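fold the following for me, if possible:
(one chain, ligands or ions: 2)
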Amino acid sequence: MDSDPDAVEAAYDAAFDQALALARAHTTTPHPRPAPTDAPDPASALAEEDAPEKPREAYDWAAVYDAEDETGGAEARTGDAWTAIEEAWTGDVPATETRADGTPPGDGRRDAGPVPPHRDNASAEDTTHGPDRRAAPSSRSRSAAVRTWEEARRIALRAARETVARTAARPVPLLPLEEARGLALAEPLTALTDLPSFDTSAMDGWAVAGPGPWRLLPGAKVLAGHQLTGADGRLDDGAAVPVATGARVPGGTTGVLRSEHGEVTAEGTRLHALRPLAQGEDIRPRGQECRTGDALVDEGVVVTAPVLGLAAAAGYDAVRAHPRPTAEIFVLGDELLGKGIPTDGLIRDALGPMLPAWLDALGTRVLGVHRLRDEEDCLAEALAASEADLVLTTGGTAAGPVDHVRPVLSRLGARLLVDGVAVRPGHPMLLAATAPGQHLVGLPGNPLAAVAGLLTLAAPLLAVLAGRDELPLARLPLAERAEGHPRDTRLLPVRVHEGRLCPLRYNGPAMLRGIANADSLAVVPPGGAEAGTAMEVLDLPRAGGCFT
Ligand SMILES: Nc1nc2c(c(=O)[nH]1)N[C@H]1C(S)=C(S)[C@@H](COP(=O)(O)OP(=O)(O)OC[C@H]3O[C@@H](n4cnc5c(N)ncnc54)[C@H](O)[C@@H]3O)O[C@H]1N2
Ligand code: MOO
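Ligands and ions are numbered 1, 2, ... in the order given. This next block holds a predicted model:
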C-alpha cells in the first residue's frame, strides 16, 4: 500500500464508494428463504437464556465484508457507510436454519452422506460430545442462528465446562515447580511454613536488647543463614550484636538499629542510637506474612513468576496443576507462502506464525501447525485424525468455492454450536463439537478476523479447559469516540494512554498493523460509543507465555 497518507485516503475513498454501491445494489437481490424444519437446534437447546430474542438474519457477508475491509484506516466515514450497509440488510434474508456447510436444508448443493447413528450418550444439550473420532461420513450438521458476541462467548464457556465435567476424574499431576509455570493451580496453595519462618532482621545494623546505649558483644555477629556466633544465642538486656538483613535475630532482641542510625564508641565496645528506636523496629516477626496452613493463592490461578516464587518460599518443591489442553492448527489456503516476499498473487501466511504464540500464552500446548491446500478431502482427513482438545482452522469459513470448513464439518457429523457471530471483524467464525471432548474453532482467514475468533471463542474455551480463573473483562474510558457497527459488536484495537483507550487505525479485517501496535481490543457496542464511555477491553494474551 502507498505510504503517502493522501494516496491512502484516496484509495479508501474509492474502495468505499465501490463497496457502498455494491451494498446498495444488493438490496434489490432477494435472498433464498430456507425451508422450515421442526428438528431441534442443538446450540439453541443448549441454554434457553442463550437464545436470541428473535433470530438474526443471515447477512450477505460479501457485500458487508467488502465495505469493511477497505475502510480500516478511514473510520470517519464509517457512520454513513454502515447506514447504507444497514439498508442493504433490510432485504428478505432470514435464514436461521442452515446446514453446517452454510446451505439451506434441501438445496441439494452437496451430498452430506448417510445419517450417523444416534449417539445414546449425548443429549441435544450436549456441547462436548461430537461424533466418534473418525466416524463414518454422516448427515448434515445443523447450525444455530448467528449469535451475539456475548452469547457466543457463553456457549464456548459452557461447552468447555461440560467437557471438564465429563473428564473431572482425570488425575491432576503433581509437577515440579519449573514444569508448572503457566499452568493453573488445581488446588489452593496453602503455606507449608510460617513466613517468615523466624524473626528476621529487615536491615543491616545491630540487633539490640532493651534501651541503649548498648554493650557490643565482643567478636560476635549474625549473618543471614548463620547462627549468632560468639554468644549463647541470646541477647541479654543492654547488649547488641551486628546483624545482617535476612539474619535470624537472636532471642531477646527488641529492635534492629540500622547501621546509619548508630555510632560505635569506646574502641568498638559501645553502641549509641542517633535517633529513637521503637520496640520491634525493623524486625520482621515470624508469621508476619502467613501462618502454616494459610491459603496463599486460590485454585485456578495461573502459576506466574511470582506464584512460583511464593510457592518456593512457602516450602513447595512441586504443585498440583492442570495440564495444558492441546491444540492443533490447520492453516488453509493455496495462496499462502511460508517464507519470502509475497509475489504473483500469493501472500505470506500470517496466522501460522501468530497463533501458536497466542495459544501458548492462553495456556495451551500446541501439537502442530499444518498448512493445508484448499482441498476438501485433505481437510476432512486432517480433522478426523486430530487428537487435540481444540482444533483450530484458519480460512475457509465463508461461502467461496474453496471454503470447505463447514462442508467438511457436516461430512464428519460435527455439531455446530456457534455458526457465525454478530461481531466485526470475524463474523463467519464458528465453534463445533467434533468428537467426544474435542471442539473445533473455525477462524476466518482475514487475520484480524482470526484474532477476533481466537479471543471470542477459543480463549474462553481454553481458559476453562486449562482450569484457569475466568478473568473478568476490564473497563476503561474511551479517549475519543469509537465508531461502531450499527447492529453488531465491534472489536477494535486500542492503545491505553493515561488510562484511556485510544482507538488505532488500520483495524480492517485483513489488517494486522493496528493489532500489532495495540494493548487490547475494545468491545465496542452496536452503534459505537462516545469519548469518556467506559468500555470493556479484551486483554491480548502476551506472546511467550511467561505471564510475568
Ligand atoms: N461470498 C462470501 N464471501 C465472503 C464472505 C461470505 O460470507 N460470503 N465472508 C467474508 C468475510 S466476513 C470474511 S472474514 C472472509 C472469511 O473468509 P474465509 O474464512 O473463508 O477465509 P479465506 O477466504 O480463506 O481468506 C480470507 C482472506 O484472508 C486471507 N488469508 C487466509 N488465510 C490467511 C493466512 N494464514 N495469513 C494471511 N492471510 C490469510 C486470504 O488470502 C483472503 O484474503 O470471507 C469474506 N468473503
Ligand atoms: O470481514 Mo470478516 O468480518 O473479517 O469476518
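
can you list contacts of stretch 171-182?
Contact partners of stretch 171-182, identified using C-beta atoms under 8 Å, 6 or more residues apart in numbering, comprise 183, 186-187, 302-305, 308, 311-312, 316-324, 360, 363, 545-547. Any C-beta I mention is one placed from the backbone N, CA and C, and that applies to glycine too.

show me those residues that map onto strands.
The strands, defined by DSSP state E, take in 318, 319, 320 from these.

can I get those in a markdown table with pLDDT and neighbour count?
Shown next, in a markdown table, are the ones in strands among the contacts of stretch 171-182 (pLDDT from 0 to 100; neighbours: other C-beta atoms under 10 Å):
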| residue | pLDDT | neighbour count |
| --- | --- | --- |
| 318 | 98 | 14 |
| 319 | 98 | 23 |
| 320 | 96 | 17 |
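
what parts of the stretch 401-548 of the chain come near ligand 2?
Within the stretch 401-548 of the chain, the residues that sit near ligand 2 (C-beta under 6 Å from any ligand atom) are 424, 425, 426, 427, 428, 444, 446, 449, 509.

with neighbour count, pLDDT and distance to residue 274 added, can I get those residues in TSV?
TSV is the format used below for those (neighbours: other C-beta atoms under 10 Å; pLDDT from 0 to 100; distance: C-beta to C-beta, whole Å):
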residue	neighbour count	pLDDT	distance to residue 274
424	26	97	68
425	29	97	67
426	28	97	67
427	29	94	71
428	27	97	74
444	28	98	70
446	27	97	69
449	29	98	68
509	23	96	68
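
in PyMOL, select just the buried ones from the contacts of stretch 171-182.
Those of the contacts of stretch 171-182 that count as buried under 16 or more other C-beta atoms under 10 Å are selected in PyMOL with:
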select buried, resi 183+186+302+303+308+311+316+319+320+321+322+323+324+360+363+545+547
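
please enumerate the helices of the stretch 251-400 of the chain.
Counting by DSSP state H, counting those that start in this stretch, the stretch 251-400 of the chain has helices at residues 305-313, 351-361, 376-385.

distance to residue 369 added to those helices, as TSV?
Listed next are the helices of the stretch 251-400 of the chain as TSV, based on distance: least, C-beta to C-beta, whole Å:
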stretch	distance to residue 369
helix 305-313	27
helix 351-361	5
helix 376-385	12
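
low-confidence ranges, the chain, go.
The model of the chain has pLDDT under 70 over residues 1-144, 168-169, 229-232, 471, 542-548.

in it, which residue is closest to the centre?
Among the residues of the chain, residue 459 comes closest to the average C-alpha position under C-alpha atoms, centre = their mean, at 4.2 Å.

show me what contacts residue 442?
Taking C-beta under 8 Å, 6+ apart, we find residue 442 in contact with 392-393, 396-397, 405-406, 409, 428-432, 453.

secondary structure element for it, which one?
Taking DSSP states H and E as the definition, residue 442 sits inside strand 438-443.

quick one: strands adjacent to that strand?
strand 390-394 (parallel), strand 430-435 (antiparallel) (DSSP bridges).

what angle do it and helix 376-385 make?
Counting by axes from the mean of the first three to the mean of the last three C-alpha atoms, to 10 degrees, strand 438-443 lies at 140 degrees to helix 376-385.

next helix or strand past strand 438-443?
That would be, after strand 438-443 and using DSSP H and E, helix 447-453.

what's that next one packed up against?
Where contact means 3 or more C-beta pairs under 8 Å, 6 or more residues apart in numbering; DSSP states H and E, helix 447-453 is packed against helix 351-361, strand 438-443, strand 489-497, helix 513-516.

which of those sits most buried?
Per residue and on average, the most neighbours among the helices and strands packed on helix 447-453 fall to strand 438-443, with a mean of 28 (mean count of other C-beta atoms under 10 Å).

next one: that one to chain centre, how far?
Chain-centre distance of strand 438-443: 15 Å, with C-alpha atoms, centre = their mean, to the nearest Å.

got the CA coordinates for it in CSV?
The C-alpha coordinates for strand 438-443 follow below in CSV (Å, rounded to 0.1, in the frame of the first residue of the first chain):
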residue,chain,number,x,y,z
GLN,A,438,-13.0,-32.3,21.2
HIS,A,439,-14.0,-28.9,19.8
LEU,A,440,-13.1,-27.1,16.7
VAL,A,441,-12.9,-23.3,16.3
GLY,A,442,-13.1,-22.2,12.7
LEU,A,443,-11.3,-18.8,12.4
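
ok and that strand relative to helix 351-361, angle-wise?
In terms of direction (the same axes, to 10 degrees), strand 438-443 departs from helix 351-361 by 130 degrees.

is strand 438-443 in proximity to ligand 1?
No: judged by C-beta under 6 Å from any ligand atom, strand 438-443 stays clear of ligand 1, getting no closer than 7.3 Å.

next one: stretch 355-371
No: Stretch 355-371 lies apart from ligand 1 when judged by C-beta under 6 Å from any ligand atom; the minimum separation is 8.0 Å.

ends of that stretch, how far apart?
Its start and end residues considered, stretch 355-371 measures 13 Å (C-alpha to C-alpha, to the nearest Å).

any idea how far that stretch is from the chain center?
Counting by C-alpha atoms, centre = their mean, stretch 355-371 is centred 12 Å from the centre of its parent chain.

tally up the residues packed near residue 149, please.
Look at residue 149: counted by other C-beta atoms under 10 Å, it has 22 neighbours.

what does the stretch 301-450 of the chain put close to ligand 1?
For the stretch 301-450 of the chain, the residues in contact with ligand 1 (C-beta under 6 Å from any ligand atom) are 331, 333, 335-336, 347, 349-351, 394-400, 403, 427-428, 444-447, 449.

and the residue in the stretch 151-300 of the chain that ligand 1 sits nearest to, what does it touch?
Of the residues in the stretch 151-300 of the chain, the one nearest ligand 1 is residue 152, at a distance of 15.1 Å by C-beta to the nearest ligand atom. When contacts are counted by C-beta under 8 Å, 6+ apart, residue 152 touches 418, 421, 423, 429, 431, 456, 457.

residue contacts, whatever residue of the stretch 351-500 of the chain ends up closest to ligand 1?
Across the stretch 351-500 of the chain, the shortest distance to ligand 1 (C-beta to the nearest ligand atom) belongs to residue 445, at 2.5 Å. By C-beta under 8 Å, 6+ apart, residue 445 lies in contact with 332, 333, 351, 394, 395, 396, 397, 398.
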